[in-house]
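Asks: Give the three-dimensional model of this entry:
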Amino acid sequence: MGWKAEWERSISDPDGFWMEQAQAIDWDVMPTKALHDRGGPVAEWFSDGMVNTCHNAVDRHVAAGHGARTAIIYDSPVTGTVEHVSFAQLQGRVARLAGGLAAQGVGVGDRVIIYMPMVPQALEAMLACARIGAIHSVVFGGFAAAELAVRIDDARPKAILAGSCGIEGTRVIEYKPLLDAAIDMAAHKPEFCVVFQREQAIADMTPRDFDWEDFCEADPVPCVPVAGDHPAYILYTSGTTGAPKGVVRPTGGHLVAMDWSMANIYGVDPGEVFWAASDVGWVVGHSYICYAPLIHGCTTVVFEGKPVGTPDPSTFWRVMADHKVAAFFTAPTAFRAVRREDPQATFMDGHDLSGLRTIFLAGERADPDTVEWIGTVTGKPVIDHWWQTETGWTIAGNPIGLEPLPVKLGSPSVPMPGYDVQVLDEGGHATAPNTLGAIAIKLPLPPGTLPTLWNAEERFRKSYLDAFPGYYETGDAGMIDEDGYLWIMARTDDVINVAGHRLSTGAMEEVLAGHADVAECAVIGVADALKGQVPMGLLCLTSGVDRPEAEIVAECVARVRQTIGPVAAFKLAVVVDRLPKTRSGKILRASMVKVAEGTLDKVPATIDDPAILDEIGSAMARLGYPVR
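Replies: As a prediction, the model looks like this:
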């Protein structure tokens with residue numbers, strides 16, 4: 001069946017549709033039905049089934065005779081390491097690590113924080129928790145001690161699994177001092193820590209610490225079945241109040257959604273190599289480095305490096321060629337970094353990409369100029385798709401494995417099964433086609449999405465459900481065109497009001513990105529005494545550009561006025577060396593607004609390099625901001 005038929009079936013008969021998809025998962029007790037109303041904020045999936053994630057990701061493939069198949073390829077240009085781990089090897093490692101945890105009293109429902117770099121042991125830690133029914137919470141390796149302490153106090157872990165260090169480009173970041181400081185700050189104290197020692201920085205151990213290698217000499221333990229609605233993990237995402245929100249991922253729905261997405265959205269088969277260039281600290285690392293590829297029987301790539309600088313812009317192409325990657329997934333910002341350093345893609349020379357079928361983008365808006373550049377230099381289809389930490393998998397995309405649809409540059413395409421996506425006005429009414437509004441999803445959400453926040457049900461309701469009763473509010477603004485394609489224009493907060501006109505900063509960024517000399521850009525709304533708000537553009541130029549900055553800025557201003565019109569009042573633009581981003585590559589627009597307003601009192605914990613905000617402030621000062 002094609003996309004439209006499958007989507008309509010999932011909306012009209014969600015129980016029947018998802019019970020059918022659940023057949024692909026090994027259940028210890030098959031659920032009697034898919035959708036359950038258990039009195040929570042939203043309906044839940046497969047609640048009366050019994051199942052184990054680790055069994056589905058590892059053990060069942062070994063039992064089926066695929067133990068020799070490669071499960072993980074570890075490629076670390078920063079250490080010069082390449083390692084292949086088979087499903088049989090992975091099973092042994094995970095079972096022994098889980099045995100060590102069980103021997104220390106960790107069991108079903110206990111929380112375990114994982115604070116590790118991009119190494120295979122990070123995935124082993126996640127799977128070991130799943131094996132015994134413990135609930136893991138991965139915190140991005142190298143995260144500040146104060147922020148880690150907040151997560152320790154919220155999750156209240158019995159144990160913490162950590163690496164001694166991580167490597168960011170050419171820098172070695174020692175994790176153990178950060179971990180020890182976080183535990184000192186936290187009111188809750190874990191019973192023990194397990195430390196994976198890396199030769200780049202050997203950690204000093206305390207009486208509460210176990211050495212990873214010694215710990216993994218424990219007797220292996222089998223998989224423990226858990227209920228379908230049992231939390232597989234908690235993943236903290238930044239909250240607008242400053243307090244992180246613990247997104248809960250239920251086990252049964254997660255398994256079903258992950259497996260369905262690999263076949264139908266990404267179009268990969270068991271045994272093929274799938275690479276998501278992200279980090280286990282983010283949702284992409286959970287869904288598409290650790291879980292979905294392994295559940296589907298694919299080989300996953302664990303990459304420790306950067307798109308540029310480790311050692312140069314050839315890295316992506318080398319990894320794809322060396323490991324015969326069939327489908328690649330990353331954020332547009334990664335390719336913008338490659339393009340900025342190597343606009344002619346000369347570093348691709350000598351790397352055979354014949355095995356690569358499709359490139360997928362997500363994490364931020366994929367501007368058409370970047371999409372076209374990737375497609376031109378690789379000759380491969382470039383597919384944008386849109387989803388969130390909260391949903392865990394694609395809300396809107398192009399289902400390559402089910403039915404490839406025509407690509408519309410700038411759109412992530414159409415809603416996936418289970419997602420009844422609508423664009424609403426401020427009164428909660430559906431807008432006409434091509435009309436900007438708030439993007440919301442009619443309840444119920446499909447399997448794999450969050451049923452609540454950890455220990456914060458009221459906050460869950462307030463954050464996602466109260467604005468539009470009967471809907472999940474995504475926090476994004478956009479529109480749906482006459483063909484049913486969704487267009488994500490900005491976060492709701494990034495829709496600015498210029499003299500009464502609601503304008504999308506994303507639309508302006510799209511225009512700016514089309515300038516030949518602009519490698520990357522951001523548009524924010526800043527205060528204006530006359531118009532309320534006006535847009536400000538920040539421009540990063542392509543490497544090697546040798547033209548006066550004022551000339552480029554003038555051309556960019558003219559482009560926006562010509563394309564969007566004088567109503568945009570676009571006059572403020574400045575060239576900067578780089579934009580402030582999270583470690584996952586998302587541009588911190590809200591922080592830049594605060595810099596422009598002179599109200600930034602706290603640097604975001606997720607920022608990659610705090611010094612960038614000072615650079616942005618200096619650039620804005622040339623435009624007269626903040627206005628004193």
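Asks: Now do the lengthiest helix in the chain: which elements does it pack against?
Replies: Counting residues, the longest helix in the chain under DSSP state H turns out to be helix 87-103. In terms of contacts (3 or more C-beta pairs under 8 Å, 6 or more residues apart in numbering; DSSP states H and E), helix 87-103 is packed against strand 70-76, helix 120-132. No exception for glycine: its C-beta is placed from N, CA and C like everyone else's.
Asks: out of those, deepest packed?
Replies: When you average the neighbours per residue for each of those (mean count of other C-beta atoms under 10 Å), helix 120-132 leads with a mean of 27.
Asks: So for that helix, mean pLDDT?
Replies: Helix 120-132 carries an average pLDDT of 98.
Asks: immediately after it, which helix or strand?
Replies: Beyond helix 120-132 in the direction of the C-terminus, DSSP states H and E gives the next helix or strand as strand 135-138.
Asks: quick one on the thing from earlier: can you show me the CA trace of the longest helix of the chain as PDB?
Replies: The C-alpha coordinates for helix 87-103 follow below in PDB (Å, rounded to 0.1, in the frame of the first residue of the first chain):
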ATOM      1  CA  PHE A  87      26.000  -9.100  17.300                       C
ATOM      2  CA  ALA A  88      27.400 -12.100  19.200                       C
ATOM      3  CA  GLN A  89      30.200 -10.000  20.700                       C
ATOM      4  CA  LEU A  90      27.700  -7.300  21.600                       C
ATOM      5  CA  GLN A  91      25.400  -9.800  23.300                       C
ATOM      6  CA  GLY A  92      28.300 -11.100  25.400                       C
ATOM      7  CA  ARG A  93      29.400  -7.600  26.400                       C
ATOM      8  CA  VAL A  94      26.000  -6.300  27.200                       C
ATOM      9  CA  ALA A  95      25.000  -9.500  29.200                       C
ATOM     10  CA  ARG A  96      28.100  -9.200  31.400                       C
ATOM     11  CA  LEU A  97      27.700  -5.400  32.000                       C
ATOM     12  CA  ALA A  98      24.000  -6.100  32.800                       C
ATOM     13  CA  GLY A  99      25.200  -8.900  35.100                       C
ATOM     14  CA  GLY A 100      27.500  -6.400  36.900                       C
ATOM     15  CA  LEU A 101      24.600  -4.000  37.400                       C
ATOM     16  CA  ALA A 102      22.300  -6.800  38.600                       C
ATOM     17  CA  ALA A 103      24.900  -8.000  41.100                       C
END
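Asks: Please point out which parts of that helix sit buried.
Replies: 87-102 (16 or more other C-beta atoms under 10 Å).
Asks: now for whichever helix or strand comes after that helix, which elements pack on it?
Replies: Counting by DSSP H and E, the next helix or strand C-terminal to helix 87-103 is strand 111-115. With contacts taken as 3+ C-beta pairs under 8 Å, 6+ apart, strand 111-115 sits against helix 120-132, strand 135-138, helix 145-155, strand 159-163.
Asks: can you list contacts of stretch 162-176?
Replies: Under the criterion C-beta atoms under 8 Å, 6 or more residues apart in numbering, residues 76, 78-79, 114-119, 121-122, 141-142, 179, 193-198, 200-204, 304, 306, 309-310 lie in contact with stretch 162-176.
Asks: Pull out the buried members of those residues.
Replies: 76, 78, 114-119, 121-122, 141-142, 179, 193-198, 200-201, 203, 304, 306, 310.
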